[in-house]
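K.L.:
next come a sequence and a model predicted from it.
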Amino acid sequence: MLGAPPARVAALLQCEALWLGVLASVLGLLLGQGFAAGLGWMLKLDNSLLIGGMAWPSELAVVPCLALGVSLASALLPTFAAYRVGVLSLLQTR
């Protein structure tokens, strides 16, 4: 990142946060739905409850949006810090 403008460093930090948010929301949804399906299968074998997995209610669409919003919001403070600090000043102090 030596010589990169501060805007590019800030954009890369925000893109990394966005990528991590997408990855976390997709993995979370897949694991949650998979565990619900496994639990439904186990309870169906026991004849106790009928729980279906792989149901996608409309409220489930909020989860990826919230995950992306939280990941971008949590990356704002490091992004502003990286935007204000010059790479040359960091290298000269060491």
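P.N.:
That came through, no problem.
K.L.:
from the contact counts, what lies against the helix or strand containing Leu45?
P.N.:
Element membership for Leu45, per DSSP states H and E: helix 6-46. Judged by 3 or more CB pairs under 8 Å, 6 or more residues apart in numbering; DSSP states H and E, the packing partners of helix 6-46 are helix 62-74, helix 76-84. For the C-beta atoms, the positions are set from N, CA and C on the backbone; glycine is no exception.
K.L.:
angle of that helix against helix 76-84?
P.N.:
Per axes from the mean of the first three to the mean of the last three CA atoms, to 10 degrees, the angle that helix 6-46 makes with helix 76-84 is 160 degrees.
K.L.:
okay, which residue is most central for this protein?
P.N.:
Here the mean C-alpha position of the chain is nearest to the C-alpha of Gly21 (CA atoms, centre = their mean), at a distance of 1.6 Å.
K.L.:
Pro64: neighbour count?
P.N.:
Here the number of neighbours of Pro64 (other CB atoms under 10 Å) works out to 16.
K.L.:
buried ones in stretch 72-85?
P.N.:
Within stretch 72-85, the residues scored as buried using 16 or more other CB atoms under 10 Å are Ala75, Thr79, Ala82.
K.L.:
same deal with stretch 28-46?
P.N.:
Buried residues in stretch 28-46, counting neighbours by 16+ other CB under 10 Å, are found at Gly40.
K.L.:
how far is that stretch from where the chain is centred?
P.N.:
Distance of stretch 28-46 from the chain centroid (CA atoms, centre = their mean, to the nearest Å) equals 23 Å.
K.L.:
if we can go back for a sec, which one of the helices and strands packed on helix 6-46 has the lowest average pLDDT?
P.N.:
In terms of mean pLDDT, the lowest-scoring of the helices and strands packed on helix 6-46 is helix 76-84 (a mean of 85).
K.L.:
OK, contacts around the nearest residue to the residue nearest to the centre of the chain once chain neighbours are set aside?
P.N.:
Once flanking residues are discounted, Gly21 sits nearest to Ser71: 3.1 Å by CB to CB, 6 or more residues apart in numbering. Contacts for Ser71 (CB atoms under 8 Å, 6 or more residues apart in numbering) come out as Ala17, Leu18, Leu20, Gly21, Ala24.
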